[in-house]
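Colleague: Any chance you can model this:
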Amino acid sequence: MIGDVLYGLTPKELVSAPVIQRFAQRGSNLLAAVSVSGAIAQVPGDMILRLTDFSIIADGGAAQTVTGLAVSVMADDTFVTVVHTLLEELDLAALSVTRRFQCDVMMMPDEVILAIANYSAAVAANGLRLSALGYMLPRGNTQFRS
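Modeller: Below you'll find the predicted structure:
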């Protein structure tokens, strides 16, 4: 079968269980700064994450406004290499911004989601909340290049 050629489990993965796991993770950060970031969903070295749903909520504190949002899949937790941009919105002016979207992004081992929200001021604490849903799969025979 063609699917057997494209993806297959290693012998070690065939005897271990569970093969596919549901993935759900949330994170938040509250900081009195003009830029607040948060990272979630770092993929373990022997797994692949099929990201299916993502949400971000940015709240400005004390009448401060959200001025920009960015969400990216990064190559690792050094946050240097962008693999895939999920969301980028600039020139916002809202007290609170909520974005939820369905996607189909395959995240490779060690990749992580990084979200950044920018605010008009840092007088009071600004908040950032993140949520990611998907399926964690064994890496199997998947080949990838960094």
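
Colleague: tell me the strands in the protein, going along the chain?
Modeller: 21-31, 35-40, 47-59, 66-74, 82-89, 96-107, 112-119, 126-138 (DSSP state E).

Colleague: ranking those strands by burial, who's on top?
Modeller: Of all the strands of the chain, strand 112-119 carries the top mean neighbour count, a mean of 23, counting by mean count of other C-beta atoms under 10 Å. Quick note: C-beta positions are derived from backbone N, CA and C, even for glycine.

Colleague: What pairs with that one, parallel or antiparallel?
Modeller: strand 35-40 (antiparallel), strand 66-74 (antiparallel) (DSSP bridges).

Colleague: can I get the CA coordinates of the first one in PDB?
Modeller: Same thing as strand 35-40. Only the C-alpha atoms of strand 35-40 are listed here, as PDB (Å, rounded to 0.1, in the frame of the first residue of the first chain):
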ATOM      1  CA  SER A  35       5.800  42.900  24.500                       C
ATOM      2  CA  VAL A  36       4.600  39.600  26.100                       C
ATOM      3  CA  SER A  37       5.500  36.200  24.700                       C
ATOM      4  CA  GLY A  38       4.600  32.600  25.500                       C
ATOM      5  CA  ALA A  39       5.700  29.300  24.200                       C
ATOM      6  CA  ILE A  40       3.800  26.000  24.200                       C
END
